[in-house]
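1. Structure, please.
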Amino acid sequence: MSTESIVSKVWSFCNTLRDDGVGYGDYLEQLTFLIFLKMADEYGRPPYHREVGVPRKHNWASLKPLKGAELEVHYVETLRELGQQKGMLGQIFTKAQNKITDPAKLARLIEMVDATSWVMLDSDTKGDIYEGILEKNAEDTKSGAGQYFTPRALIAAMVECVAPEPGKTIADPACGTGGFFLAAYDYLTKHHSLTKEQKVFLKNSTFSGNEIVAGTRRLCLMNLFLHNIGEIDGDSLISSADALVAQPSQTVDYVLANPPFGKKSSMTFTNEEGEQERDDLTYNRQDFWASTSNKQLNFLQHIRSLLKTTGRAAVVLPDNVLFEGGAGETVRRKLMETTELHTILRLPTGIFYAQGVKANVLFFDNRAAGRSAATKEVWYYDYRTNIHHTLKRNPLRLENLREFIDGYKPGARHKRKETWHPEKNPEGRWRKYRYEDLLARDKTSLDLFWLKDDSLTDLDNLPEPADLAEEIIENLEAGLASFREVALQLGR
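-> Numbering: from 1, shown residues only. This next block holds a predicted model:
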């Protein structure tokens, strides 16, 4: 079968199941289970002859001849049994459930997966199919999957700026569906002629991450595996542990991350009355500069501790990290003292599936301890003021960030030039601030803007009415989400 026909078949069946109320996320999970079992079967045959750990009673061949209720019962048993296995196999099937209640549709899905030799497909084809459904799933706001999906254009820009090198390690302590890993993998294979040893290292030893949500971790592992990262019979590259609980046992060369949105670290539990409550978490770690329940500040501190002394990071963080007092001020001061915080990219609203988020990308390089602060100046690129993006009508694309990437000067940051000038170019988006000036600001706030917002003064520069309407809807939905959070706290 051609690549186009496989993609077409996968999508057409997805649409058929949606008519039965099976969402993209549920379809994606069942597809994950079945493709993994089919590939395990293919690897067990010539010329591979690999033992991948799938019990014979629950392998691919055991599913194919069954129909009706017998198929449904056996499939449920298979999912439960495989979830108890070790390594990547067990992680893929952890807490797995059958979401396709019509056995006839399940049988058709098995036939569709069986018709393709997945091992023979190149990783780009398999990956494109899977990534496409992941993105569709993220667009489904009811599923909540968008919080695990960072815009691929933003990820690509961050990776291009960091410019990872072969033979180095890359971590993401909140890896979602693995977008940063895949972009880094693509960058390394396209920009370097890798030796055999480097290819093996890239496949098995480059990436490591954490994802505490079982369903998301499953999608991440499968996404990586289909892109030729990790071994079907190997250990899981993604840990189910909460990354913030303990100091990392190993440090890495690069951290690329977009920690989950939501200001507080919390856990959900059931009280004596049987009602669900949430409890704020404060992580008491000796390597942290400040103890706080602010999730983003904790992730920022953890990411710094993940880096080797020569390590580099690019992290998406919300605005509160730049201006919040107390622990926020302590963390900002210590970050600039111990690392070279050299770049902040101010992002526009309307690019994330979590509505109304105002975020930034912080780029910093770790440094060995010294007498003076590691940060000398911080370069800002304002891609927020007078920028209007929406998820559907005007999504963020890589070309939108090309001016930022070119001005960033990957590998040659000493050649940067400001584009802002008070008289010659007051609309320039690149501007730098000295460390001493930032330190003197109230609460050491890094929340800086200098461009005039045209929408406040010039009605001719307003976005298109449809874009405005979409932006208003996104802001209202974000406001409702915030009020629900407040109501939950008050109810507690």
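
2. now stretch 436-446, how far from the chain's geometric center?
-> 30 Å (C-alpha atoms, centre = their mean, to the nearest Å).

3. swap that for stretch 299-312, please
-> 18 Å.

4. What's the end-to-end length of it?
-> End-to-end distance for stretch 299-312: 15 Å, by C-alpha to C-alpha, to the nearest Å.

5. Report the buried residues of it.
-> Phe299, Leu300, Gln301, His302, Ile303, Arg304, Leu306, Leu307, Gly311, Arg312 (16 or more other C-beta atoms under 10 Å). Just so you know, the C-beta spots here come from the backbone N, C-alpha and C atoms, and that holds for glycine as well.

6. Can you name the residues in contact with it?
-> Stretch 299-312 has contacts (C-beta atoms under 8 Å, 6 or more residues apart in numbering) with 162, 171, 173-174, 243-244, 247-248, 251-255, 257, 259, 285, 287-290, 313, 315, 317, 321, 331, 335, 338-339, 362-368.

7. redo that, cut-off 7 Å
-> If you take C-beta atoms under 7 Å, 6 or more residues apart in numbering as the criterion, stretch 299-312 is touched by 162, 171, 173-174, 243-244, 247-248, 251-255, 257, 259, 287-289, 313, 315, 317, 321, 331, 335, 339, 365-368.

8. ok, now stretch 167-183?
-> Residues outside stretch 167-183 that contact it (C-beta under 7 Å, 6+ apart): 134, 148-150, 152, 155-156, 159, 164, 184, 198, 201, 206-211, 216, 219-220, 223-224, 227, 229, 238, 243, 252-257, 259-260, 299, 302-303, 306.

9. Now, the contacts of stretch 299-312 that are in strands?
-> Among the contacts of stretch 299-312, the ones falling in strands (DSSP state E) are Ala171, Val252, Asp253, Tyr254, Val255, Ala257, Ala313, Val315, Leu317, Thr339, Asp365, Asn366.

10. And the furthest pair within those residues?
-> Spatial extent of the ones in strands among the contacts of stretch 299-312 (C-beta to C-beta) is set by the pair Asp253 and Leu317 at 20.5 Å.

11. Save the ones in strands among the contacts of stretch 299-312 as TSV, and put in neighbour count, pLDDT and distance to Ala374 too.
-> Converted to TSV, those look like this (neighbours: other C-beta atoms under 10 Å; pLDDT from 0 to 100; distance: C-beta to C-beta, whole Å):
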residue	neighbour count	pLDDT	distance to Ala374
Ala171	27	98	21
Val252	21	98	19
Asp253	19	98	17
Tyr254	24	98	17
Val255	28	98	16
Ala257	26	97	20
Ala313	24	98	13
Val315	24	98	17
Leu317	22	96	19
Thr339	22	98	6
Asp365	19	98	8
Asn366	22	97	8
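
12. any chance of the buried residues of stretch 299-312 in TSV, with pLDDT too?
-> Shown next, in TSV, are those (pLDDT from 0 to 100):
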residue	pLDDT
Phe299	97
Leu300	97
Gln301	97
His302	97
Ile303	98
Arg304	98
Leu306	98
Leu307	98
Gly311	98
Arg312	98
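
13. now the helices for the stretch 51-200 of the chain?
-> Along the stretch 51-200 of the chain, the stretches classed as helices by DSSP state H, counting those that start in this stretch are 60-63, 68-82, 87-92, 103-114, 123-139, 152-162, 179-191, 196-204.

14. Could you point out which of the ones you listed sits nearest Ala40?
-> The nearest among the helices of the stretch 51-200 of the chain, by C-beta to C-beta, is helix 60-63 at 6.9 Å.

15. For the closest one, list the C-alpha coordinates in CSV.
-> Taking C-alpha atoms only, helix 60-63 is exported to CSV below (Å, rounded to 0.1, in the frame of the first residue of the first chain):
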residue,chain,number,x,y,z
TRP,A,60,-1.3,-10.4,17.5
ALA,A,61,-2.2,-13.8,16.1
SER,A,62,-4.5,-14.5,19.1
LEU,A,63,-6.7,-11.4,18.1
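
16. Centre of the chain to it, how far?
-> Helix 60-63 has its C-alpha centroid displaced from the chain centroid by 34 Å (C-alpha atoms, centre = their mean).

17. List the buried residues in it.
-> Under 16+ other C-beta under 10 Å, the buried positions of helix 60-63 are Trp60, Ser62, Leu63.

18. Just the buried positions in stretch 127-138, please.
-> Buried residues in stretch 127-138 (16+ other C-beta under 10 Å): Gly127, Ile129, Tyr130, Glu131, Ile133, Leu134, Glu135, Lys136, Asn137, Ala138.

19. Val245: neighbour count?
-> For Val245, the neighbour count with other C-beta atoms under 10 Å is 11.

20. can you list the domain ranges for the chain.
-> According to automatic domain parsing, the chain comprises the domains 3-131, 242-479.

21. Give me the distance between the two termini of the longest one.
-> By that I understand domain 242-479. Domain 242-479: ends 29 Å apart by C-alpha to C-alpha.

22. Any idea what the nearest residue to Leu362 once chain neighbours are set aside is bridged to?
-> Nearest residue to Leu362, sequence neighbours excluded (C-beta to C-beta, 6 or more residues apart in numbering): Val315, at 5.2 Å. With DSSP bridges as the criterion, the beta-bridge partners of Val315 are Ala257, Leu362.

23. now Val315: how far from Ser205?
-> 23 Å (C-beta to C-beta, to the nearest Å).

24. same thing with Ala96?
-> Look at Ala96 and Ser205: by C-beta to C-beta, they are 28 Å apart.

25. Who has more neighbours out of these two?
-> Ala96 (22 against 11).
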